[in-house]
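A.B. asks: please find the sequence and the predicted model below.
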Amino acid sequence: MRNSTRFILVISVSIMICGLLLLHARQRRRDDARLVAANRDLVARLQLTDLCLFTEARYTRHPAMADRHAPFQDHPLALEHFPSGSLTTPPSFHREAP
């Protein structure tokens, strides 16, 4: 088999795989739309207000709701009391500008 034939074969298989991936993505989008609609109905029925990432400490429950003025919350030499603090980044108003 010539190198050009191998190249055309690899390109053809790659294009077919890309097409199958696009079809799979379209199907997943339809399936996920049903799930999102069900979740939207659940949120409306339970009257949930906001995202809760972690339940350990008030400043890790939602990154946008951290209390900047709470005493003993954070300082540069503070030990991390909760393991979830190492999994999420500080809110944008706590980060220094580059």
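C.D. replies: Everything's here; your move.

A.B. asks: average pLDDT across the longest helix along the chain?
C.D. replies: Here the longest helix in the chain is taken by residue count, with DSSP state H as the criterion, and it is helix 3-46. Per-residue pLDDT values over helix 3-46 give a mean of 93.

A.B. asks: could you measure Arg28 against Leu35, distance?
C.D. replies: For Arg28, the distance to Leu35 (CB to CB, to the nearest Å) stands at 10 Å. (Glycine included, C-beta is placed from N, CA and C.)

A.B. asks: ditto for Gly19
C.D. replies: If you measure Gly19 against Leu35 using CB to CB, the figure is 25 Å.

A.B. asks: please apply the same query to Ala44.
C.D. replies: 15 Å.

A.B. asks: repeat for Ile11
C.D. replies: With distances defined as CB to CB, the gap from Ile11 to Leu35 amounts to 36 Å.

A.B. asks: and this structure, what are its domains?
C.D. replies: Per automatic domain parsing, the structural domains of the chain span 1-48, 50-67+79-92.

A.B. asks: does Leu48 count as helix, strand or coil?
C.D. replies: coil (DSSP: H, G, I helix; E, B strand; the rest coil).

A.B. asks: okay, now the nearest residue to it once chain neighbours are set aside: neighbour count?
C.D. replies: The shortest distance from Leu48 to any residue that is not its chain neighbour, by CB to CB, 6 or more residues apart in numbering, is 7.9 Å, and that residue is Leu42. The tally of other residues near Leu42 (other CB atoms under 10 Å) stands at 10.
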